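Novice: What follows is a predicted protein model with its sequence.
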Amino acid sequence: MEAAQRRAAALVHEVLRGRSLATLLGKAARGGDSDAALVQELAYGSLRWWGRIEALARQLYHKKPPRAEIRCLIGVALYQLLETTAPEFAVVDQAVLAANRAGFPGAKGLVNAVLREFLRTRVPRLAALAGDEVARYSHPAWWIARLKADHPQAWQDILEADNARPPLSLRANRRRCSREDLLAAFLAQGILASPVGESGLILARPQPVATLPGFVQGWFSVQDAGAQLAAPLLGAVSGMRVLDACAAPGGKTTHLLESAQLQLTAVDREPGRLARMHDNLARLGLAAQVRAGDARDPSAWWDGKPYDRILVDAPCTSSGVLRRHPDIKWLRRERDIEELASYQREIATALWPLLAPGGRMLYATCSVFRAENAQSVDTVFSRRPDARRIALNLPGAHEGQLLPAAREAAHNHDGFFYALLEKT
Ligand SMILES: C[S@@+](CC[C@H](N)C(=O)[O-])C[C@H]1O[C@@H](n2cnc3c(N)ncnc32)[C@H](O)[C@@H]1O
């Protein structure tokens, strides 16, 4: 366990210095780490609860807080003591060993003292945090304030859903098998899953995707149930010209292509993400015209023929997907919201002229902040005489805003926003 604690602490330290956990874990996996599953669980869990852990740890440091690497190691051990069933004595002993191996002078004694002090005084210390919202919900204070303003009735539910462990949600590839066939293939191996949406399923217990039957054969993709709404909402039918303007790594592109025979152009600015899109298209047996380009500058990649459907899955704060990416709440700054909202407006404005009369544009984000969603759409489209917003009837959503929810399978999705515009 001590090596996993040290590795997880190093990951948390890197995230707090501004790096994305998914990117860091991608590199760790390529390095062939035998403790990978435990390291991942400790890193994700610690970051999910980092607001509470830091508030607690501040009470426990008698002198000045230790250096960041040691704070992260203490944080990972506190996560284990607070949220897991790992035996307490093992967590503390191993963390002390990890501190010793990390080689910082004095770290071993400090880690030992802080963790044992926590075990002795846990109840009053946790009680002392009762009125501290950052500790209670483990989100930055500005984030909580923003949710209160944007969702006065639902902010606590959102914060709680953000801290829930996400399910593994899949989408059957209708070109290769039906959802029923997929459920039966899983059941034959003792893997239980329930249907969600038109083509989705949610596993009763998450497991590594590569161990599921049919992954290599392209029978399914991993995709949250909320993201699976994009393709049906866009309503593209066979023969249509479709643009997916912020497409990589292709979760929604592939769904669109599975649903109908389309002439689909997929554009993205990031060549690294487009490489993953090519892999996904190949695995699923699908084809699209893939272009590296900036959606704000169509002249560089557009062939001049209008599209019947345009999907703008705009880059955003990703504030709706915290249960899958808990590092995001510590990486974002409040000013990112306005910067991204203005960027989203530029993309939507640049793409509108590419839409054929009678055509439809679906604007989507995986954010729960109004500035990126309803406000962005209103700013771009409310005064355009040729744009009509079509009301969406999404169960559990209000004006296209789905909030992250963890309770019932039918609404077990991340936070998303959808707005459908028609060119009149
Ligand atoms: C939300 S992600 C897209 C996810 C994708 N639609 C899917 O379902 O898998 C947003 C994407 O926008 C891309 N992007 C950011 N700015 C862009 C721009 N100016 N033009 C085109 N793509 C851009 C990012 O590289 C990123 O891949």
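Specialist: Yep, it's here.

Novice: For Gln401, give the beta-bridge partners.
Specialist: His398, Phe417 (DSSP bridges).

Novice: Tell me, how many residues neighbour it?
Specialist: 25 (other Cβ atoms under 10 Å). Glycine gets a C-beta too; all of them are placed from N, C-alpha and C.

Novice: Please identify the helix or strand for the nearest residue to Arg6 once chain neighbours are set aside.
Specialist: Distance criterion Cβ to Cβ, 6 or more residues apart in numbering; nearest residue to Arg6, sequence neighbours excluded, is Ala98 at 4.5 Å. Secondary structure assignment for Ala98, by DSSP states H and E: helix 88-102.

Novice: Any idea how far that helix is from the middle of the chain?
Specialist: Distance of helix 88-102 from its chain centroid, counting by Cα atoms, centre = their mean, to the nearest Å, is 31 Å.

Novice: Would you mark the buried spots in it?
Specialist: Using 16 or more other Cβ atoms under 10 Å as the test for burial, helix 88-102 gives Glu88, Val91, Val92, Gln94, Ala95, Val96, Leu97, Ala98, Ala99, Ala102.

Novice: cool, stretch 188-205 as well?
Specialist: Under the neighbour-count criterion of 16+ other Cβ under 10 Å, stretch 188-205 has Ile191, Ala193, Pro195, Val196, Gly197, Ser199, Gly200, Leu201, Ile202, Leu203 buried.

Novice: got the contact list for the second one?
Specialist: Contact analysis of Ala193 by Cβ atoms under 8 Å, 6 or more residues apart in numbering lists Leu170, Leu183, Phe186, Leu201, Ile202, Leu203, Ala204.

Novice: got those as CSV, with distance to the ligand and secondary structure columns?
Specialist: CSV is the format used below for these (distance: Cβ to the nearest ligand atom, whole Å; DSSP: H, G, I helix; E, B strand; the rest coil):
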residue, distance to the ligand, secondary structure
Leu170, 14, strand
Leu183, 23, helix
Phe186, 23, helix
Leu201, 18, strand
Ile202, 18, strand
Leu203, 20, strand
Ala204, 25, coil
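
Novice: Next, work out how far apart the residue lying closest to Ile70 once chain neighbours are set aside and the ligand are.
Specialist: Nearest residue to Ile70, sequence neighbours excluded (Cβ to Cβ, 6+ apart): Ala107, at 4.9 Å. Going from Ala107 to the ligand by Cβ to the nearest ligand atom, to the nearest Å gives 40 Å.

Novice: List the contacts of Ala107.
Specialist: Applying Cβ under 8 Å, 6+ apart, we find Ala107 in contact with Pro66, Ile70, Leu73, Ala99, Asn100.

Novice: coming back round to it: farthest-separated two in the buried residues of stretch 188-205?
Specialist: By the measure Cβ to Cβ, Ile191 and Gly197 form the most distant pair in the buried residues of stretch 188-205, at 19.0 Å.

Novice: residue boundaries of the strands in this structure?
Specialist: Counting by DSSP state E, the chain has these strands, from start to end: 169-172, 193-196, 200-203, 220-222, 241-244, 263-268, 289-292, 307-313, 355-365, 387-390, 401-402, 416-423.

Novice: on that earlier part again, thought the residue nearest to Arg6 was touching Ala10?
Specialist: No: Ala98 lies out of contact with Ala10 (Cβ atoms under 8 Å); the separation is 10.4 Å.

Novice: What number of residues are in the vicinity of Pro213?
Specialist: Pro213 has 14 neighbouring residues, counting by other Cβ under 10 Å.

Novice: Nearest residue to it in space, please, no chain neighbours.
Specialist: Ala185 (4.8 Å).

Novice: Now the stretch 101-250 of the chain against the ligand: closest residue?
Specialist: Cys246 (3.2 Å; Cβ to the nearest ligand atom).

Novice: What residue, apart from its backbone neighbours, is nearest that residue spatially?
Specialist: Closest residue to Cys246 apart from its sequence neighbours, by Cβ to Cβ, 6+ apart: Asp313 at 4.9 Å.

Novice: Share the number of residues neighbouring the one you found, please.
Specialist: Counted with other Cβ under 10 Å, the neighbours of Asp313 add up to 24.

Novice: So which bits of the stretch 201-350 of the chain are right by the ligand?
Specialist: 227, 246-252, 267-270, 273, 294-296, 313, 315, 347 (Cβ under 6 Å from any ligand atom).

Novice: How is the chain divided into domains?
Specialist: Annotated domains of the chain cover 2-136, 169-222, 227-423 [automatic domain parsing].

Novice: Least confident of those domains, on average?
Specialist: Sorting the domains of the chain by mean pLDDT places domain 2-136 lowest, at a mean of 91.

Novice: what's the span of that domain, first residue to last?
Specialist: Taking Cα to Cα, to the nearest Å, the first and last residues of domain 2-136 lie 28 Å apart.

Novice: can you give me how far that domain is from the chain middle?
Specialist: Distance of domain 2-136 from the chain centroid (Cα atoms, centre = their mean) equals 22 Å.

Novice: Please report how far the residue most central in space within the chain lies from Ala161.
Specialist: Nearest residue to the geometric centre of the chain (Cα atoms, centre = their mean): Val321, 3.4 Å. As judged by Cβ to Cβ, to the nearest Å, Val321 and Ala161 stand 11 Å apart.

Novice: got any residues that touch both of those two?
Specialist: Common contacts of Val321 and Ala161, defined by Cβ under 8 Å, 6+ apart, comprise Pro404, Gly415.

Novice: Pro353 versus Gly359, what's the distance?
Specialist: Counting by Cβ to Cβ, the gap from Gly359 to Pro353 is 11 Å.

Novice: that older thread, next, count neighbours for the residue of the stretch 101-250 of the chain closest to the ligand.
Specialist: Look at Cys246: counted by other Cβ under 10 Å, it has 23 neighbours.
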